[in-house]
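S.K.: Sharing a sequence plus its predicted fold:
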Amino acid sequence: MATPETKGLPASCECGYIRLTTPPQYRGMAHCHCTTCQKQSGSAFGTSLYFASDEVFPLPKDVEEKLSVYTHLADSGNTMRCYFCPKCGVRMMHSALLPDGTLRPIMSFKAGTIDGELDWKALKARHIFTRSAKMPLAAEWECFEGYPPDMAQKPKGEDGGKEKEKGE
Ligand SMILES: [Zn+2]
Ligand SMILES: [Zn+2]
């Protein structure tokens, strides 16, 4: 049986042009209901699977050459890097440069791009930024209006400084 935790998980975009492999060890998952994730996903929320940045970057050269990057400066001072397929437009990953120019230690893969075995049920992902949720939230879900306390050290969100609305 495959052991994705030690081998890394294959990930791909919708059209298959972008194919890469995650690091072996993921650091949690969250369903983010912030307004940016709604726009970016064109859906009710975005699901992120987190990894240590230094295990992802630098990217393999062939992958880096194919990926397009949407970069913007967040109100927090972070420079967001949003990696997507130039052919089908699927968002693959997010990372951020901190104001001092260093890479933020945690980055995320958009979880729906993962092809490998990923036990979504066992991960029990939390729902974050539910104050802007568009959909009903089940009572048994672990929900946070903004960031959970253990994620709050993130400087005002991966996407921007609009902390009240926007999360990961
Ligand atoms: Zn594609
Ligand atoms: Zn979000």
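M.R.: Nice, I can see it. Ligands and ions are numbered 1, 2, ... in the order given.

S.K.: ok, now which ones touch His31?
M.R.: His31 sits next to Phe45, Gly46, Thr47, Ala125, Arg126, His127, Ile128 when contact means CB atoms under 8 Å, 6 or more residues apart in numbering. Using the backbone N, CA and C atoms, a C-beta is placed for each residue, glycine as well.

S.K.: What of Ser95?
M.R.: Ser95 is in contact with Ser53, Val56, Phe57, Met80, Arg81, Tyr83, Leu103, Arg104, Met107, Ser108, counting by CB under 8 Å, 6+ apart.

S.K.: any idea whether it is helix, strand or coil?
M.R.: Assigned by DSSP: H, G, I helix; E, B strand; the rest coil, the conformation of Ser95 is strand.

S.K.: Begin at 354 from now on, thanks
M.R.: With the count now opening at 354, the last piece we talked about shows up as Ser448.

S.K.: Now the residue nearest to it when sequence neighbours are not counted: which helix or strand?
M.R.: Counting by CB to CB, 6 or more residues apart in numbering, Met460 is the residue found nearest to Ser448 once chain neighbours are left out, at 4.0 Å. For Met460, the host element (DSSP states H and E) is strand 459-463.

S.K.: If you rank the contacts of His384 by neighbours, which is first?
M.R.: In terms of neighbours by other CB atoms under 10 Å, the contacts of His384 top out with Gly399 at 27 neighbours.

S.K.: Test my guess that that residue contacts Cys390.
M.R.: Yes - judged on CB atoms under 8 Å, Gly399 makes contact with Cys390 at a distance of 3.3 Å.

S.K.: Number of residues surrounding the nearest residue to Tyr370 once chain neighbours are set aside?
M.R.: Spatially, and ignoring its direct neighbours in sequence, Tyr370 is nearest to Lys440 (4.7 Å; CB to CB, 6+ apart). For Lys440, the neighbour count with other CB under 10 Å is 14.

S.K.: who's in contact with Lys440?
M.R.: Going by CB under 8 Å, 6+ apart, Lys440 touches Cys366, Cys368, Tyr370.
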